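Participant: Next one to model:
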Amino acid sequence: MKVLFVASECAPFVKTGGLADVIGAVPKALAGLDVDARVLMPLYRPMKHYGAKGRCVWKAANLQGGKARLIATKAEGVELLLLEAPHLFDRDGGIYIDTAGKDWADNALRFGALAQVAAEVAQEGAAGWLPDIVHAHDWQAGLVPAYLRQSAKPAPPTVLTIHNIAFQGNFPNDMMKPLGLKPALYTQEGLEFWGHLGFLKAGIAYSDRVTTVSPTYAREIMEPEFGMGFEGLLSARAADVSGILNGIDTQVWDPETDTDLVSTYSAKRLKPKEKNRDSLLQRFGLTAPDNAPLFCVVTRLTTQKGVDLLLEALPALTGRGARLAVLGSGDKALEAAFVAAARQYKGQVGVIIGYDEPLSHLMQGGSDAILIPSRFEPCGLTQLYGLRYGTIPVVARTGGLADTVIDANEAAIAAGCSTGVQFSPVTVSGLVHAIHRACDLFADRKQWVGMMRRAMRHPVGWADSAQAYKDIYTALKET
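Facilitator: As a prediction, this is how the structure comes out:
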């Protein structure tokens, strides 16, 4: 079976969040199930050397104002189809935002072009490779099903995965003509979303199946609290919507082989984890905790992630003798607030603003627990890394966090199956209570070590989820 993945980012080539990790891992997992999955994505400036190693399989004299080529290559175990369009993607700044931190003004054209090329590959193939299924990811690929729907040519079935429904890709409706979209599609049931052209709306409306990245989130987005305006459409399509839990690349994230750690370790050999802890304390300028956990946070600093609640919970955390290491970037006010907190709680709270992949590995390997107080979380990956590294997740009871962490309540403790701490409601008091629970559990060393070992044995890879995707592809192909 041949599947065309269409996405805006893919690890390790370019990454802004968990979407890239998923796109980099799932095709490799599917390969073990005899699924030939290839990733169609833009060729951004930092990736140009990958394009130089490939072969041209398609070209256009004018794609949204400039020449374009599609380059086939294989890198890091992933088959890639790279859309080389320098006028759209070869530029300084981020892949979605410019050097001033604002969305690129031509994002509709940039990712509309990606969808146009994907639709052409879906129908015509590329160098003899013709997909049986097209799998679009998030708003950046949301127009693919719309282009296929308006075409008179035969087209393969489509799947849309919503990684985060908060990011929707809504643009002025006068972009319909430049994007080559037929006016007949601009309806309440189609592309129109509150007077705008909705890229994500297009994908939800016109794909054959809709998936999201955890079973709980699939239910949540059918409710007004989490649906972000799409709850009605998703509820109407409930029979076509499913939640498939994300996994992680267990070769990249493996405490027994991770070269970013000071000392590797395993569930049977936990003692070396302490060396990573010592290194992490030194890196963040922290003193040793007072018989309390070293917590970490590795996240975007946004209100969605609930880090504003954590700022208010710092007196309780430090009052228990615990320590906190924070790595992240995002909202400038929150960045400044955490930098100020590090000054206020010197030696107890350490903060590094930015993105550092090797450091994130050390934080998972050296911390005792990871805090994830998200107000909503489609799946989350950092709690899966935490489980893999025996770094106990302390999480809000929402989305994929609720699906992946077994709360250390009395019943779970008695049954010997707990792997972390969940809390609800997602408030300051709820988070403070969870921090106290984690500190109490940590004080019982036998209980804590048992939970660490259970966490490290918890399945967090892609095997089951890759099979679930294949089952969807198979069902669509057979209809």
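Participant: which residues of the stretch 351-479 of the chain fall in strands?
Facilitator: For the stretch 351-479 of the chain, applying DSSP state E, counting those that start in this stretch gives strands covering 369-372, 392-396, 421-423.
Participant: how about CSV for the ones you listed, with distance to Trp129, mean neighbour count and mean pLDDT added?
Facilitator: Where you see a C-beta, it was placed from the backbone N, CA and C, and this is true even at glycine. CSV is the format used below for the strands of the stretch 351-479 of the chain (distance: least, C-beta to C-beta, whole Å; neighbours: other C-beta atoms under 10 Å; pLDDT from 0 to 100):
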stretch, distance to Trp129, mean neighbour count, mean pLDDT
strand 369-372, 40, 27, 98
strand 392-396, 40, 28, 98
strand 421-423, 44, 23, 98
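Participant: May I see those strands organised as JSON lines, with distance to Cys379 added?
Facilitator: Formatted as JSON lines, those follow (distance: least, C-beta to C-beta, whole Å):
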{"stretch": "strand 369-372", "distance to Cys379": "11"}
{"stretch": "strand 392-396", "distance to Cys379": "12"}
{"stretch": "strand 421-423", "distance to Cys379": "15"}
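Participant: Identify whichever of those strands lies nearest to Leu234.
Facilitator: Comparison of the strands of the stretch 351-479 of the chain against Leu234 by C-beta to C-beta identifies strand 392-396 as nearest, at 21.8 Å.
Participant: so what's the residue lying closest to Leu359 once chain neighbours are set aside up against?
Facilitator: In space, Leu359 comes closest to Leu327 once its chain neighbours are excluded; the distance is 6.0 Å by C-beta to C-beta, 6 or more residues apart in numbering. When contacts are counted by C-beta atoms under 8 Å, 6 or more residues apart in numbering, Leu327 is found next to Cys296, Val297, Val298, Val351, Ile352, Gly354, Tyr355, Asp356, Leu359, Ser360, Met363.
Participant: Next one, pLDDT for Ala136 please.
Facilitator: The pLDDT attached to Ala136 in the predicted structure is 98.
Participant: please renumber so the chain begins at 40
Facilitator: Happy to do that; since the first residue is 40 now, the last one works out to Ala175.
Participant: wait, is it part of a strand?
Facilitator: Yes - the assignment for Ala175, made by DSSP: H, G, I helix; E, B strand; the rest coil, places it in a strand.
Participant: Bridged to it, which residues?
Facilitator: Val45, Leu199 (DSSP bridges).
Participant: Quick check: the gap between it and Gln383.
Facilitator: As defined by C-beta to C-beta, to the nearest Å, Ala175 lies at a distance of 46 Å from Gln383.
Participant: the more surrounded of these two?
Facilitator: Neighbour comparison, Ala175 and Gln383: the larger count goes to Ala175, with 31 against 12 (by other C-beta atoms under 10 Å).
Participant: Please name the nearest non-neighbouring residue to Ala244.
Facilitator: In space, not counting the residues next to it along the chain, Ala244 is nearest to Gly229; the distance is 5.4 Å by C-beta to C-beta, 6+ apart.
Participant: Now do that neighbour: how many residues are near it, please.
Facilitator: Gly229: 19 surrounding residues under other C-beta under 10 Å.
Participant: Would you check how far apart Glu228 and Pro217 are?
Facilitator: Counting by C-beta to C-beta, the gap from Glu228 to Pro217 is 23 Å.
Participant: Equivalent analysis for Ala375, please.
Facilitator: In this structure, Ala375 and Pro217 are 39 Å apart, going by C-beta to C-beta.
Participant: what's the answer for Val346, then?
Facilitator: In this structure, Val346 and Pro217 are 38 Å apart, going by C-beta to C-beta.
Participant: Who are the packing partners of the lowest-mean-pLDDT helix or strand in the chain?
Facilitator: When each helix and strand of the chain is scored by mean pLDDT, DSSP states H and E, helix 87-91 comes last, with a mean of 91. For helix 87-91, the helices and strands in contact under the criterion 3 or more C-beta pairs under 8 Å, 6 or more residues apart in numbering; DSSP states H and E are strand 107-114, strand 117-123.
Participant: Next, the contact list for Pro397, please.
Facilitator: When the contact criterion is C-beta under 8 Å, 6+ apart, the partners of Pro397 are Asp299.
Participant: what's the pLDDT at Val55?
Facilitator: Slight slip there: residue 55 is Thr, not Val. Each residue has a pLDDT score; the one for Thr55 is 89.
Participant: count of neighbours near it?
Facilitator: For Thr55, the count of nearby residues is 15 (other C-beta under 10 Å).
Participant: where's it relative to Ile134, distance?
Facilitator: 7 Å.
Participant: Output the contacts of Leu366 as JSON lines; include the columns neighbour count, pLDDT and distance to Glu123.
Facilitator: Formatted as JSON lines, these follow (neighbours: other C-beta atoms under 10 Å; pLDDT from 0 to 100; distance: C-beta to C-beta, whole Å):
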{"residue": "Cys335", "neighbour count": "27", "pLDDT": "98", "distance to Glu123": "39"}
{"residue": "Val336", "neighbour count": "23", "pLDDT": "98", "distance to Glu123": "38"}
{"residue": "Val337", "neighbour count": "23", "pLDDT": "97", "distance to Glu123": "33"}
{"residue": "Val390", "neighbour count": "22", "pLDDT": "98", "distance to Glu123": "39"}
{"residue": "Ile391", "neighbour count": "18", "pLDDT": "98", "distance to Glu123": "35"}
{"residue": "Gly393", "neighbour count": "9", "pLDDT": "95", "distance to Glu123": "29"}
{"residue": "Tyr394", "neighbour count": "15", "pLDDT": "89", "distance to Glu123": "26"}
{"residue": "Asp395", "neighbour count": "14", "pLDDT": "94", "distance to Glu123": "29"}
{"residue": "Leu398", "neighbour count": "19", "pLDDT": "98", "distance to Glu123": "32"}
{"residue": "Ser399", "neighbour count": "19", "pLDDT": "97", "distance to Glu123": "30"}
{"residue": "Met402", "neighbour count": "29", "pLDDT": "98", "distance to Glu123": "36"}
